[in-house]
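Asks: got a predicted structure plus its sequence, pasted below:
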There are 2 protein chains.
Amino acid sequence: MSREPRREQLLNAADRVIQREGPSASMNAIAAEAGITKPILYRHFGDRTGLIRALTERHTGGLLAAVRQALAEPLERRDRVEHVLDTYLAGIEARPQVYRLLTHPEPGDPSGAGNALAPALRQIAEEITRAVQSQVDLGADRDLLAEAWGRGITGMVLAAGDWWLETRPCTRTRMVQALADLLWGRLAAAADLPTAVLPTAPAEPNGD
Amino acid sequence: MSREPRREQLLNAADRVIQREGPSASMNAIAAEAGITKPILYRHFGDRTGLIRALTERHTGGLLAAVRQALAEPLERRDRVEHVLDTYLAGIEARPQVYRLLTHPEPGDPSGAGNALAPALRQIAEEITRAVQSQVDLGADRDLLAEAWGRGITGMVLAAGDWWLETRPCTRTRMVQALADLLWGRLAAAADLPTAVLPTAPAEPNGD
DNA sequence: ACCGGGGTGTTACCCCCGGTAACATCGTCG
DNA sequence: CGACGATGTTACCGGGGGTAACACCCCGGT
């Protein structure tokens, strides 16, 4: 049996463990799930990050492709944006554990310093950047704006989506509306509230 | 000498190590930097997360207070938003390593599952939520929108700020403009670009 | 029939990390 | 003085990532 099929089996096992125990599952646990021992895993994936990377690449495909396709949909812009948001939220809703893996990829790697966006998310950010660049007329600043917005929108959806997944405060479509509204400048358009009172929150140094 | 001052000294040492080695510095390294050994650290902080928490709380104060104050500034809304953005970016610009600590607090903790936003950031998100709730008239959906937007905006600024810090594609004020423009619905307002190419040949399933 | 290579797998080990137990030392207060 | 609360130490544990060394098994070549 050539290497590939075995690799797939090992990835399946790793997948199951991570579904069950979260992204911090140990190599021992993964090996045990696969019915084998550690060195084999290391033969196939080099090190832990290699395994995780293989795993994420395998799952990213679907979500990334879906988002990319949604970005290219021939709709009115607002509808397209909503479509993309819904696609993303549906994706993370379907497989929360995998989604964790995508967002928390390599716990505490000392090398690369701090990327707020995991590789999988960075691909999405680039996809958005490209879409904005090619679809929206932003004048001279287009490159800067598109890049900044690509990252920004990705981070926004990541954080908001995470919150939504955990607290489930509303339906998915409603959440899509809320985010699209934000992107659509509803924050700018809304009226001021009467300056109630309380310039500042009464100093409450700490909570939790 | 009561406990507090020693604690401060230990935190100073931890701070130096983390400035130098990043947030994944080991307890041994921190103890060594302080000229002592591990058990003392554990006496003072319980465990690693306790230390990190103490450290973040110490640094969060400044940024959080600054953001809170910026949110309460008596300006036109757009100016206020820009002020908040600038405050945040200035804060992370001043101390990148600390900022890493705030955003990557506990690498791979198995307990809390996956919070995309670190505690420090969550406080900022709540601050934004409160500000939106009390300052902007959003009709019946105000609670949901304010919460979703609080998280979303925080995530947006986190991701975009991270990218900006690493690549420094423009000045801070320009970055502030770019993000404020996004929040101000410029994405919605801009014209379509002539559908230059794109619909292209019918579906060409392709991977990068 | 023999051998070698590429796959399978194992046990046993290393180093470091987070965390703890047990013990020794100083200064202060009653 | 003694008790107490702080300081500090060495030595250890369990477990995680990662590696070395060895064993099997099958298949194809000479």
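Replies: Looks like it arrived, so ask away. Residues are numbered from 1 along each chain as shown, chains lettered A, B, ... in the order given.

Asks: in terms of secondary structure, what does the worst-scoring helix or strand of chain A on mean pLDDT contact?
Replies: Using mean pLDDT, DSSP states H and E, helix A:96-103 stands out as the lowest-scoring helix or strand of chain A, at a mean of 76. If you count contacts as 3 or more CB pairs under 8 Å, 6 or more residues apart in numbering or on different chains; DSSP states H and E, helix A:96-103 packs onto helix A:3-21, helix A:48-72, helix A:119-135, helix A:142-167. Bear in mind the C-beta positions are built from the backbone N, C-alpha and C, glycine included.

Asks: quick one: closest of those helices to DNA strand D.
Replies: The closest of those to DNA strand D is helix A:48-72. By CB to the nearest atom of the strand, the value is 3.2 Å.

Asks: I'd like the next helix or strand past the closest one.
Replies: Beyond helix A:48-72 on the C-terminal side, the first helix or strand identified by DSSP states H and E is helix A:77-94.

Asks: check which residues of that following helix are buried.
Replies: Using 16 or more other CB atoms under 10 Å in any protein chain shown as the test for burial, helix A:77-94 gives A:80-89, A:91-92.

Asks: and that helix, how far out from the chain's middle?
Replies: Counting by CA atoms, centre = their mean, to the nearest Å, helix A:77-94 is centred 12 Å from the centre of its parent chain.

Asks: could I get the average pLDDT for it?
Replies: Averaged across helix A:77-94, the pLDDT comes to 95.

Asks: and for stretch A:21-41?
Replies: The pLDDT scores in stretch A:21-41 average 93.

Asks: next, the distance between the ends of it.
Replies: End-to-end distance of stretch A:21-41 (CA to CA, to the nearest Å): 18 Å.

Asks: tell me which residues touch the nearest residue to A:Y99 once chain neighbours are set aside, please.
Replies: Spatially, and ignoring its direct neighbours in sequence, A:Y99 is nearest to A:I92 (4.1 Å; CB to CB, 6 or more residues apart in numbering or on different chains). Neighbouring residues of A:I92 by CB atoms under 8 Å, 6 or more residues apart in numbering or on different chains: A:63, A:99, A:161, A:165.

Asks: got it, and A:A120?
Replies: By CB under 8 Å, 6+ apart, the contact set of A:A120 is A:56, A:60, A:63-64, A:102-103, A:105.

Asks: most neighbours of all those residues, which one?
Replies: Most neighbours among the contacts of A:A120, by other CB atoms under 10 Å in any protein chain shown: A:L102, with 25 neighbours.

Asks: ok, that residue to DNA strand C distance?
Replies: Taking CB to the nearest atom of the strand, to the nearest Å as the criterion, A:L102 is separated from DNA strand C by 25 Å.

Asks: can you name the residue of chain A nearest chain B?
Replies: Using CB to the nearest CB, the closest approach of chain A to chain B is made by A:G185 at 1.7 Å.

Asks: stretch A:29-40: which residues count as buried?
Replies: Here stretch A:29-40 shows A:29-31, A:33-34 as buried, counting by 16+ other CB under 10 Å.

Asks: sorry, wrong one. I was asking about stretch A:168-184.
Replies: A:170, A:175-184.

Asks: CSV please, covering the residues you listed and showing distance to B:E8.
Replies: CSV is the format used below for those (distance: CB to CB, whole Å):
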residue, distance to B:E8
A:C170, 45
A:M175, 44
A:V176, 48
A:Q177, 48
A:A178, 43
A:L179, 43
A:A180, 47
A:D181, 46
A:L182, 41
A:L183, 44
A:W184, 48
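
Asks: return the subset of those lying in helices.
Replies: Taking DSSP state H as the definition of helices, these contribute A:175-183.

Asks: and of those, the nearest to B:G46?
Replies: Comparing those against B:G46 with CB to CB places A:M175 closest, at 37.5 Å.

Asks: give me the spatial nearest neighbour of A:A116, chain neighbours excluded.
Replies: Setting aside the residues directly before and after it, A:A116 is nearest to B:D162 in space (CB to CB, 6+ apart), at 3.7 Å.

Asks: for that neighbour, the count of nearby residues, please.
Replies: B:D162: 21 surrounding residues under other CB under 10 Å.

Asks: how about the contacts made by A:L183?
Replies: By CB under 8 Å, 6+ apart, the contact set of A:L183 is A:81, A:153, B:182, B:185, B:187-188.

Asks: contact partners for the residue lying closest to A:A13 once chain neighbours are set aside?
Replies: If the residues on either side of it in the chain are set aside, A:A13 comes closest to A:A34, at 3.6 Å by CB to CB, 6+ apart. The contact partners of A:A34, by CB under 8 Å, 6+ apart, come to A:9-10, A:13-14, A:40-41.

Asks: so which of those residues is the most crowded?
Replies: Busiest of the contacts of A:A34 [other CB under 10 Å] is A:A14, holding 25 neighbours.

Asks: mind checking which helix or strand the closest residue in space to that one that isn't next to it in sequence is in?
Replies: Excluding the flanking residues, the one nearest A:A14 by CB to CB, 6+ apart is A:I30, at 4.7 Å. A:I30 belongs to helix A:27-33 when elements are defined using DSSP H and E.

Asks: what's the helix or strand just after that helix in contact with?
Replies: With elements assigned by DSSP H and E, the helix or strand that comes after helix A:27-33 is helix A:38-45. With contacts defined as CB under 8 Å, 6+ apart, helix A:38-45 is touched by A:3, A:6-7, A:10, A:27-28, A:30-31, A:34, A:51, A:54.

Asks: which bits of chain A sit near DNA strand D?
Replies: Counting by CB under 7 Å from any atom of the strand, the residues of chain A close to DNA strand D are A:26-28, A:38-39, A:42, A:46-49.

Asks: coming back round to it: and the contacts of helix A:38-45 as CSV, adding distance to B:W149?
Replies: Shown next, in CSV, are the contacts of helix A:38-45 (distance: CB to CB, whole Å):
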residue, distance to B:W149
A:R3, 48
A:R6, 48
A:R7, 43
A:L10, 42
A:M27, 40
A:N28, 43
A:I30, 39
A:A31, 44
A:A34, 44
A:L51, 37
A:A54, 36
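
Asks: which members of those residues are the farthest-apart pair?
Replies: Going by CB to CB, the pair spanning the contacts of helix A:38-45 furthest: A:R3 and A:N28, at 22.2 Å.
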